[in-house]
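Asker: Pasting a predicted model and its sequence here:
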Amino acid sequence: MPATLPQIGLLKGLALTLKTMLKPATTAQYPHVKPALPPRSRGVIALMEENCTVCMLCARECPDWCIYIDSHKEVVPPKDEGARARTRNVLDRFAIDFALCMYCGICIEVCPFDALFWSPEFEYSTYSIRELTHEKEQLRAWMDTVPAPPELEVGAELPKEIADGLAAARKAAEQASAAVTAAADAAPAAAKEGAGPTATAVEEDIHVEVQIDQAVFDQLIAEGKTERVARAKAKAAYVRAEKARIRAERESGQ
Amino acid sequence: MTDTLLRPGSGMLPGGPGEGMLVEVRGEGELRTQDMNLNIGPQHPATHGVLRVVIDLDGEKIVRATPVIGYMHRGFEKLAEARDYRQIIALVNRHDWLSAFCNELGVALAVERMMELEVPDRAEWIRVLMAEWNRVLNHLMFVGSFGLELGAITPVFFAFREREDIQGLMESATGGRLHFTYTRVGGLKEDLPRGFLAASAKMTRNVRVRNSEYRDLLEGNEIFKARTRKVGILPPDVALDYGVSGPTLHATGIAEDARVTEPYCRYDKVNVHVPVGATGDSYDRFQILLARIDASLDIIDQVLDNIPPGPVNVKLPKIVKAPEGEIYVRTENPLGQGGYYLVSDGKKNPWRLKMRTPSFNNISAMSYLLKDQLLSDMIAILGSVFFVVGDVDR
Amino acid sequence: MTESLLALDNVWLALLLKVAAIVGFFLVAPLVVGYIEHKGLAHMQARLGPMEAAFHGIGQLPADGIKFIQKEDIIPANADKWVFSLAPGVALVPAMVILAVIPLGPGLWAEDLDTGVFFALAVSSVSVIGILMAAWSSASKYSLMGGIRAAAQLIAYELPLVLGAAAVVLQAGTMSLVGIVEAQNDFRILGVVPMWFVLPQALGFLLFFVASLAELSRPPFDMPIADSELIFGHMTEYTGLRYAFFMLAEYAGIVVLSALAVVLFLGGWYPLPGVGLPSFDVLFLPGEVVAALAGFAVTMGKIVALAFVMIWFRATFPRLREDQLQRISWLAFIPLAILNIVVVAVFKVVA
């Protein structure tokens, strides 16, 4: 390589470093300035203990097997006599070994009961690796740091629950506006006759003490229905009749 | 004239126990010379990770070089036999950790093709977007580290500044800065957050401006040119013999790119520019790196114009099982061509998942490249043959 | 031979004061340059540099010094003990000795030798021996290779350094450094425009500066200590206080060679070509002391500016390969230096 004298490329490089020196640095001084982390940031896994039904899906799906779950079954006495006793899973221990955890998020994804969440909290380092296994109290405490999920991008498909809710709300709004226009049209025509079908819109404040309509009860027993079913239907029939009677009384009284 | 070759313990692995001198006794009247056996690595600032190169030196000239790999073997392919496909996706992005998404993509594509799953349009476009951002991330890293090895200590900070910004963007979408675990069989884990596409567009503009800064600092620098021109020339036929792919191959003049020859995701709907070099030396490889960053940014701009609305994943059965059979998928990872050979026996774990990783072949060309080079040039060559040790050893 | 400000009647007291001044300057000035390197390099790389030690990192280098002092003293088992221990000293002491002749202001020198330039350049070559001692005695392949490269490089770049200085001596007509500064003050281009030697001898200045970069093993000439290849060259096996001495030698070398360049080319302590120093009485300080302080400030400013350029080069340029820098020296710099001398000689005779 023949000896070359300095040329323009070297000077351009010098100009660039000088220019960078005169601009402010991009460093954020961490302990004094905390980073602004996005909501989906995978810092630590938080557990909503109340939602957990100990289905063990997370422990099964974890690629590292770093979730340790202990539970036992409890028998819950029935509310009413003669009913079946229920059994319930009670969570004894839910620990995640963050030394093994590879922060993949599969446990959070598979949980069917929304008990596990991501949190951007990352300042939980310890001096000993054994202390990196966190129990359910700490995991529950981290729930306070879980942010709301971000809005999805324009064009994204909304989750089913939100989409259904939005559709229902839209339909209700349409109905309400249609009803309002209908009422506005019909208002000069029917002032009081609209009491019947629009009664559903009027606040019902009728209290009826529940009793059994004996006639309906006997009829249903004769038809062969069980006592429980017959009792329920008889009660409903009685209440319906009473409410209708009181409504009629009120209107005739008005 | 007598030529005696005394090699203590010949027949054992280079650098093995009793690493000795290669003593060559030449004929009468010649000076006795001793070749020095030097071990570069496995812990060395120059090699990216735990790569070991055993070189025989004659003064400053390298007589023979042997890369020794395996220091980072983690048994991924064996692990994959005991994991289901979502767990494999979480593990596979630990290979080429500079561009993790591209690894995940290959595995997901393999499973989807075996199951003949129809992936939603939006998911495929976003996959292209993410893969190209990963390509930019990967190449930025090598831009910085190549300069660092040659003594230019500033570009690496600039490159990492860009990487930080892009990683922040990826974190807002996937939650991770390095290991994304964003792909799933049948699409993506979840959709992008609000503002991601706008931020993406802004970021391409920024990175383009900064790319021109790297051109000033390194590509146009006479000292850099003097260090890398005509150093480590890899002829195209030798490259093909070794199975080299990616930017290292493109520098020799061969434009073999799996995005163009076997398009996957939506690469057939996008204009993919493959920059090609002329001579195959280290300078060409570096130039191609910068050109590829620009090309990826162009692809990202095209994708941003084209993402359709819609879902990003399909309803999968509770346990994803690939049907019996085998499949081979080729993807263009940033470092070269990645191959994913999946053999399934119908269960939820694969029977065998073999990965053809590009770095493995790229560094096998090292023994050719380093022959008859000076020791100082070895650094330029090591830095210019792009590899990630996790990708080499799996 | 002009008298220094510190030339008192009592020879021993004067000696003590001079030694104290030199050692003091020698210990403090490299810290200043080191701090500028930390912060300047950092901002050129879009980062902040040391911020936590004291105010914006001023305490970083003293803290590093204290840290080095308390480290374990390790000598490799195969090392040549005495040579290994003495090498940092041999690299460090010449820098201190050169400071004895360098004038830092009017009257601020220890001794103004008639052969000042010759003395300075000769002593600066002694530090090469220190590097070779370190490389050989470390009993490590990396150190040895670094030492070989260093020896070759330093020998190659001695000549442009010396020839650049020789052209200045030719123009000034004296080898005394104080005499050279005064000659620059008296120099007039075409008899009218006052100018220092940097302008008529721009080529010589450039050669001197680049050669001093190579003498100090600073980028782009830092192949001997290329840390991506040879860990740290001849200093690989050094820890603790000995390592600190090597680092001090490097920064002191920057200060000393910058000071030499300032004295030879940039007009020494004169603020501007043709402008003298204020020498009136301020408060209780006599005129000479005021001039001395002002001159010292000017000299330090110029030294810092040159050191900044060295740091700027470090931030920007990759390193040159061994054979390339040898080629540049022997095939480009030395012919140019000789050309420079010829041109200066011709002008000296003609004009």
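Answerer: Okay, I see it.

Asker: C-alpha only now, for contacts and for neighbours.
Answerer: Will do.

Asker: What separation do you get for C:A345 and chain A?
Answerer: 24 Å (Cα to the nearest Cα, to the nearest Å).

Asker: Skip the chain neighbours and tell me the closest residue to C:G164.
Answerer: Closest residue to C:G164 apart from its sequence neighbours, by Cα to Cα, 6 or more residues apart in numbering or on different chains: C:G204 at 5.0 Å.

Asker: In contact with the one you found, which residues?
Answerer: When contacts are counted by Cα atoms under 8 Å, 6 or more residues apart in numbering or on different chains, C:G204 touches C:164-165, C:167, C:198, C:337, C:340.

Asker: One more: B:H73?
Answerer: B:390, B:393-394.

Asker: and the residue nearest to C:G164, what pLDDT?
Answerer: pLDDT, C:G204: 91.

Asker: before we move on, what SS does it have?
Answerer: Under DSSP: H, G, I helix; E, B strand; the rest coil, the three-state class of C:G204 is helix.

Asker: what ranges do the helices span in chain C?
Answerer: With DSSP state H, the ranges of helices along chain C come out as C:11-44, C:60-69, C:81-98, C:116-137, C:141-172, C:177-186, C:202-215, C:240-265, C:287-316, C:322-327, C:334-350.

Asker: er, the stretch 151-254 of chain A I mean
Answerer: Taking DSSP state H, counting those that start in this stretch to define them, one finds helices in the stretch 151-254 of chain A at A:160-186, A:214-223, A:227-253.

Asker: which other helices and strands contact the shortest one?
Answerer: Spelled out, it's helix A:214-223. helix A:227-253 (3 or more Cα pairs under 8 Å, 6 or more residues apart in numbering or on different chains; DSSP states H and E).

Asker: Show me what from the stretch 51-200 of chain A comes close to chain B.
Answerer: Within reach of chain B by Cα under 8 Å from any Cα of the partner chain, the stretch 51-200 of chain A has these residues: A:61-63, A:104, A:106, A:150-157.

Asker: pLDDT and neighbour count added to those residues, as JSON lines?
Answerer: Shown next, in JSON lines, are those (pLDDT from 0 to 100; neighbours: other Cα atoms under 10 Å in any protein chain shown):
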{"residue": "A:E61", "pLDDT": "91", "neighbour count": "20"}
{"residue": "A:C62", "pLDDT": "92", "neighbour count": "21"}
{"residue": "A:P63", "pLDDT": "90", "neighbour count": "23"}
{"residue": "A:C104", "pLDDT": "90", "neighbour count": "23"}
{"residue": "A:I106", "pLDDT": "92", "neighbour count": "19"}
{"residue": "A:P150", "pLDDT": "86", "neighbour count": "15"}
{"residue": "A:E151", "pLDDT": "84", "neighbour count": "13"}
{"residue": "A:L152", "pLDDT": "85", "neighbour count": "18"}
{"residue": "A:E153", "pLDDT": "82", "neighbour count": "17"}
{"residue": "A:V154", "pLDDT": "81", "neighbour count": "16"}
{"residue": "A:G155", "pLDDT": "78", "neighbour count": "15"}
{"residue": "A:A156", "pLDDT": "78", "neighbour count": "19"}
{"residue": "A:E157", "pLDDT": "79", "neighbour count": "17"}
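
Asker: would TSV of those residues with distance to B:V329 be doable?
Answerer: Below are those laid out as TSV (distance: Cα to Cα, whole Å):
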residue	distance to B:V329
A:E61	26
A:C62	27
A:P63	24
A:C104	24
A:I106	25
A:P150	34
A:E151	35
A:L152	31
A:E153	30
A:V154	32
A:G155	30
A:A156	29
A:E157	29
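
Asker: Not counting its neighbours along the chain, what's nearest the residue positioned nearest the centre of chain C?
Answerer: Nearest residue to the geometric centre of chain C (Cα atoms, centre = their mean): C:L257, 2.1 Å. Of all residues not flanking C:L257 in the chain, C:S212 sits nearest, at 6.5 Å (Cα to Cα, 6+ apart).
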